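Novice: Would you be able to build a 3D model of this:
(one chain, ligands or ions: 1)
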Amino acid sequence: MSDTAPRASGATLPIPVTVLTGFLGAGKTTLLNRLLKHPALRDTAVLINEFGEIGLDHLLVERLDGDTVLLNAGCLCCTVRGDLVRALRDLAARIAKGHVIRRVVVETTGLADPAPILQTLMSDPLVLSRYRLDGVVTLVDAANGMATLDAQPEAVKQAAVADRLVLTKTDLTAPEQVAVLSARLRGLNPGAPLLEARQGEIAPDTLLDCGLYDATRKHPDVRRWLDAEAWQAQEHPHHHHHHDPNRHDSRIHAFCLTFDAPLPWDGLATWLEVLTMTRGESVLRVKGLLNLEGEDRPVAIHGVQHLFHPPVKLERWPEGDDRRSRLVFILRDLDRATVERGLRAFAESARQQAVIAAGDGQPPGTG
Ligand SMILES: Nc1nc2c(ncn2[C@@H]2O[C@H](COP(=O)(O)OP(=O)(O)OP(=O)(O)O)[C@@H](O)[C@H]2O)c(=O)[nH]1
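Specialist: Next up, the predicted model:
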């Protein structure tokens, strides 16, 4: 690899890195998809880190080219200290050979503790020689934000370290609720401008070029978290632990269900409604790419705690995709068997009802 620093717009400059974070389902991919369409973000490389072994973001991020890199799922500290640095190093090598990259955006998993990411970006010698941490943009879902801040310390950290706080889903939230959440965020991070993005719509210049990251301007805890992280990295630079990549802690885990045959939307929708109504606090995230009966195009679904977003029909199946339905769940205190049993039972019941309604004793499409 060349030792020369990367070239940005012809000059030898450190490349700004924006960290895009926010709890599960806050709207990071939505905002990123919008940002990447903007001319100001031409020549931006995107590094995505998803929680759980089987992610779907590679199918949901609209721009997937050589400059979008999916970091391997796994223990976040290992991912960050290994994969993130490796991805940045590979990118620097490509830039040294003449590839033009003017900015990097790192989209973290919603469960990410931002401290190891920031610590890596601010202290790894290789990273420092070619990149500079420009800013941390933290999205906070206005609909679920208060409950999330109450239950998840990662979300508190994400808000406290931010250079820009962005409230999403204010279109779904009563103004009084937004005001209470805003006051709480102000208390956690008085220095960061508090912005709003609806469906990812926001002027890029409000998020970019925040200046060098400065932890001294943040809540005193931020300096402490970063120092603790630096100490850990020094004490245990090569710890050899093998975390289950699908488990965040003793309560939160991820799994993916796949279905070979097209699914009946009625059964699935009813079940999702029941699940989010009755166990919403446990359903941190549901993300699906579905092959539905009678539908040629794939349908994306998103659930975040008690909130279920309207399904979206995507343009087409990705090239070479096997067109199986995939549903990724990230659950807290709810086991896989309960969810899987319920889903299969509802899908089967909807199929039976369709058979009865068709009146010919044959499942639709097979007679
Ligand atoms: N109504 C409304 N929906 C939104 C808004 N922002 C995002 N969404 C929806 O929220 C759901 C989750 O959005 P994503 O962009 O996938 O969230 P994410 O933070 O990338 O999710 P993870 O990567 O799983 O943590 C999708 O259905 C989006 O369409 C918003 O401002 N208003």
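
Novice: Show me where the stretch 251-367 of the chain dips below the pLDDT cut-off.
Specialist: Under the criterion pLDDT under 70, the flagged ranges of the stretch 251-367 of the chain are 360-367.

Novice: at 50 instead, please
Specialist: Scanning the stretch 251-367 of the chain for pLDDT under 50 picks out 366-367.

Novice: Around the ligand, which positions in it sit nearby?
Specialist: Arg285, Lys287, His302, Val304, His309 (CB under 6 Å from any ligand atom). Yep, even glycine has a C-beta here, placed from its N, CA and C like the rest.

Novice: what about Ser349, how many residues close to it?
Specialist: 15 (other CB atoms under 10 Å).

Novice: wait, it sits on Pro264?
Specialist: No: taking CB atoms under 8 Å as the definition, Ser349 is not a contact partner of Pro264, at 9.1 Å.

Novice: Let's see the helix or strand encompassing Leu121 as CSV, backbone CA atoms only.
Specialist: Per DSSP states H and E: Leu121 is located in helix 114-123. In CSV, the C-alpha atoms belonging to helix 114-123 read as follows (Å, rounded to 0.1, in the frame of the first residue of the first chain):
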residue,chain,number,x,y,z
PRO,A,114,-20.4,5.1,19.7
ALA,A,115,-17.4,5.3,22.0
PRO,A,116,-15.2,2.6,20.3
ILE,A,117,-16.0,4.0,16.9
LEU,A,118,-15.1,7.6,17.9
GLN,A,119,-12.0,6.4,19.8
THR,A,120,-10.8,4.4,16.7
LEU,A,121,-11.4,7.3,14.4
MET,A,122,-9.6,9.7,16.7
SER,A,123,-6.6,7.6,17.7
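
Novice: mean confidence score for that helix?
Specialist: Averaging pLDDT along helix 114-123 yields 85.

Novice: do stretch 158-172 as well
Specialist: On average, stretch 158-172 scores 96.

Novice: Buried residues, it. List them.
Specialist: Of all the residues in stretch 158-172, those buried under the rule 16 or more other CB atoms under 10 Å are 158-170.

Novice: got it, and stretch 258-269?
Specialist: Quick answer for stretch 258-269 (16+ other CB under 10 Å): Phe259, Pro262, Leu263, Pro264, Trp265, Asp266, Gly267, Leu268, Ala269.

Novice: Can you list the helices and strands that the host helix or strand of the last one packs against?
Specialist: Read that as Ala269. In this structure, Ala269 sits in helix 265-279 according to DSSP H and E. Applying 3 or more CB pairs under 8 Å, 6 or more residues apart in numbering; DSSP states H and E, we find helix 265-279 packed against strand 283-290, strand 299-304, strand 307-308, helix 336-358.

Novice: Pick the most buried one from the ones you listed.
Specialist: strand 283-290 (a mean of 24; mean count of other CB atoms under 10 Å).

Novice: rewinding a little: between the residues of the stretch 251-367 of the chain next to the ligand, which is nearest Leu121?
Specialist: Looking at those and their distance to Leu121, the nearest is Arg285, at 25.3 Å (CB to CB).

Novice: Tell me how far Pro175 lies from Ala142.
Specialist: According to CB to CB, to the nearest Å, Pro175 and Ala142 sit 10 Å apart.
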